[in-house]
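# return a 3D structure for these sequence lines:
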Amino acid sequence: MSDSRRWLWLAGLLFAGWLIYLISPILSPFLVAMLLAYLGDPLVDRLERAGLSRTWGVVAVFALFTALWLVLLVVLVPMLGKQLVKLYQMLPQMLDWLQHVALPWVQARFGLAEGFWRFDRLKTALSSHLDQTTDIVSVVLSQATASGLALLAWLGNLLLIPVVCFYLLRDWDLMMAKLQGLLPRSREQQVVGLAGECHEVLGAFIRGQLLVMLALGAIYAVGLMVVGLDLGLLIGVLAGLASIVPYMGFVVGFGSAIVAVLFQHGGFELYPMLGVMAVFGVGQALEGMLLTPLLVGDRIGLHPVAVIFAVLAGGQLFGFTGVLLALPVAAVIMVLLRHVHALYKRSDTYAAGAVVEPVTVIPSPPPDDPAS
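Purely as a prediction, here's the structure:
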């Protein structure tokens, strides 16, 4: 590639980044629709192989997604709302424990001055608002109606997602074929190979890890509710969401469950603690022996540190749009870095100055003398 062509590609990339930054406020529904279409395309392909047309396969997948959202809205959201209100009501007790138990221990342990942290005002403010928890919906509605145009724009974006997702799902294979047809003929095989590796990384992480998150969230929530933990559903859902980073869900969920047991029972209780340990032990065993090998397999996914950095960097640069773009961009960068690393190991720069070990040739023994 000539220098002028390299500068042209660099200018094109910079222009694309600048354009994404300008239109980022309207990109969110399209990116969410693309993510849903990417997740649903394998299901539609299987239905096609089973004999359904592409359109009817998309309709069937949409019916499945709609049923899941209805279950989420009708069953799960009200239960989570009740537990959030209960958690809000428990905050003064938590502040009392911090002020009278935890902080005196820290003060005695590290020799800090008395009253180095005061919770009186915060506890009073929270207690004064506890009677207003039933008015949360009215406050939200009043704030929403105060900015009616923003509410209408949000609803419009929400309704736009299924429409865009439907057309993307229906024409997904056609669009991929057209994009492949636009590639330079000399580079088509190389670009398709790189795209296939990016697809493997994204598929291993997004499809596989999301299914692992859902399964772990269900296991933790059901197990903690069976144990009798009042906030079991909320903690299970949080642990499932945190499982996007391996082992993070276990740390967040187990720590939160232990604290919830302490506050619910007013101290250390053996059997609830053992129940919490059993729930998270079973969850970790199922994740390591069944869920991850079955749903993710041995495909190479993104490193946990790369996931955390990508999500935080995308959110800092482009907001919610950046969060949605973070993982695909990280997958592409990871694949490109892997190939750059392989090229570097084969380059003269890497091999320059290498000491070549002399090869010792062992002489073969002389042949036997037939005369002897």
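# shaky segments in the stretch 201-350 of the chain?
In the predicted model of the stretch 201-350 of the chain, residues 266-267, 296-302 satisfy pLDDT under 70.
# residue ranges for the helices of it, please.
All helices of the stretch 201-350 of the chain, identified by DSSP state H, counting those that start in this stretch, fall at 210-227, 232-242, 248-265, 270-286, 304-318, 320-345, 348-351.
# report the angle between the second one and helix 248-265.
Going by axes from the mean of the first three to the mean of the last three CA atoms, to 10 degrees, helix 232-242 is angled at 160 degrees with respect to helix 248-265.
# same question, the fourth one
Using the same axes, to 10 degrees, the inter-axis angle of helix 270-286 relative to helix 248-265 is 170 degrees.
# list the buried ones in helix 270-286?
By 16 or more other CB atoms under 10 Å, the buried positions in helix 270-286 come out as 272-273, 275-276, 279-280, 283-284. Placement of C-beta: from N, CA and C, glycine included.
# picking up where we left off before, identify, out of the helices of the stretch 201-350 of the chain, the most deeply packed stretch.
Sort the helices of the stretch 201-350 of the chain by mean neighbour count, taking mean count of other CB atoms under 10 Å, and helix 232-242 sits at the top with a mean of 22.
# compute the inter-axis angle for it and helix 210-227.
For helix 232-242 against helix 210-227, the angle by the same axes, to 10 degrees is 160 degrees.
# roughly how far out does helix 232-242 sit from the chain middle?
If you compare the mean C-alpha spot of helix 232-242 with that of the full chain, they lie 14 Å apart, counting by CA atoms, centre = their mean, to the nearest Å.
# make residue 1 into 39 and carry on from there
Sounds good: first residue 39 from here, last item helix 270-280.
# which strands or helices does the helix or strand hosting residue 105 pack on?
Per DSSP states H and E, residue 105 falls inside helix 92-109. With contacts defined as 3 or more CB pairs under 8 Å, 6 or more residues apart in numbering; DSSP states H and E, the secondary structure elements packing on helix 92-109 are helix 41-87, helix 186-208.
# list the contacts of the next helix or strand after the last one.
Stepping forward along the backbone from helix 186-208, the first helix or strand reached (DSSP H and E) is helix 210-219. Identification of contacts with helix 210-219 by CB atoms under 8 Å, 6 or more residues apart in numbering yields 75, 79, 82-83, 92, 206, 226, 230.
# just the buried residues of those.
Burial of the contacts of helix 210-219 was assessed by neighbour count (16+ other CB under 10 Å); the buried members are 75, 79, 82, 92, 206.
# from these, which is closest to residue 346?
Of all those, residue 346 sits closest to residue 75, with 26.0 Å by CB to CB.
# check contacts around the closest one.
Applying CB under 8 Å, 6+ apart to residue 75 gives the contacts 203, 206-207, 210.
# farthest-apart pair in these, please.
Across the contacts of residue 75, the two members that end up farthest from each other (CB to CB) are 203 and 210, 10.3 Å apart.
# of the two, who's got more company?
residue 203 (25 against 19; other CB atoms under 10 Å).
# measure residue 350 to residue 361 for me?
When distances are taken as CB to CB, to the nearest Å, residue 350 and residue 361 turn out to be 9 Å apart.
# so after the helix holding residue 105, what's the next helix or strand?
Later in the chain than helix 92-109, the nearest helix or strand by DSSP H and E is helix 115-135.
# from the contact counts, what lies against that following helix?
Other elements packing on helix 115-135 under the criterion 3+ CB pairs under 8 Å, 6+ apart are helix 158-167, helix 270-280, helix 286-303.
# can you list contacts of the second one?
Counting contacts by CB under 8 Å, 6+ apart, the residues outside helix 270-280 that touch it are 114, 117-118, 121-122, 125, 251-252, 254-264, 267, 286-292, 294-295, 298.
# now the angle from it to helix 115-135?
Going by the same axes, to 10 degrees, helix 270-280 makes 100 degrees with helix 115-135.
# same check on the longest one?
The directions of helix 286-303 and helix 115-135 differ by 70 degrees, with the same axes, to 10 degrees as the criterion.
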